[in-house]
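1. need the 3D shape of this:
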Amino acid sequence: MANLIRIDMAAPDGEAIRSALGTEGRLELHDSTRPDVEPIVMDDFLMAVMRGEVS
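-> Numbering: from 1, shown residues only. Here you go, the predicted structure:
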């Protein structure tokens with residue numbers, strides 16, 4: 001299973017996002033200023049799209 005890297009969209013960490021794209025990592029996007037909104041988990045397909053492997 002790929003590592004899950006949690007990103008706070010209120011203060012995104014570009015290096016962590018690039019790290020996830022360069023590896024088999026997956027992203028969990030959440031917003032600390034909006035605790036009422038569920039996090040979004042970028043699955044393997046969406047990560048492949050972000051890496052440019054799917055067009």
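
2. Ala20: which element?
-> Under the criterion of DSSP states H and E, Ala20 resides in helix 14-22.

3. the next helix or strand after that helix to helix 14-22, inter-axis angle?
-> Using DSSP H and E, the helix or strand that follows helix 14-22 towards the C-terminus is strand 26-30. For strand 26-30 against helix 14-22, the angle by axes from the mean of the first three to the mean of the last three CA atoms, to 10 degrees is 140 degrees.

4. report the backbone C-alpha coordinates of strand 26-30 in PDB.
-> Only the C-alpha atoms of strand 26-30 are listed here, as PDB (Å, rounded to 0.1, in the frame of the first residue of the first chain):
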ATOM      1  CA  ARG A  26      -1.100   9.200  -2.300                       C
ATOM      2  CA  LEU A  27      -2.500  12.500  -1.200                       C
ATOM      3  CA  GLU A  28      -5.100  13.200   1.400                       C
ATOM      4  CA  LEU A  29      -6.300  16.900   0.900                       C
ATOM      5  CA  HIS A  30      -8.000  18.600   3.800                       C
END
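
5. check which helices and strands it is in contact with.
-> strand 4-8, helix 14-22, strand 40-42, helix 44-50 (3 or more CB pairs under 8 Å, 6 or more residues apart in numbering; DSSP states H and E). Glycine gets a C-beta too; all of them are placed from N, C-alpha and C.

6. just for this protein, where's the confidence low?
-> Counting by pLDDT under 70, the ranges of the chain that qualify are 1-2.

7. so Ala16 makes contact with Leu4?
-> No. Counting by CB atoms under 8 Å, Ala16 stays clear of Leu4, with 11.4 Å between them.

8. so these two - more neighbours on which side?
-> Ala16 (15 against 12; other CB atoms under 10 Å).

9. that one and Leu29, how far apart?
-> Separation of Ala16 from Leu29 (CB to CB, to the nearest Å): 11 Å.

10. shared neighbours, the two?
-> Jointly contacting Ala16 and Leu29 under the rule CB atoms under 8 Å, 6 or more residues apart in numbering are Ile7.

11. quick check: bridge partners of the residue nearest the centre of the chain?
-> By CA atoms, centre = their mean, the chain has its centre lying nearest to Leu27, at 2.2 Å. Here Leu27 sits in beta bridges with Ile5, Met42, as judged by DSSP bridges.
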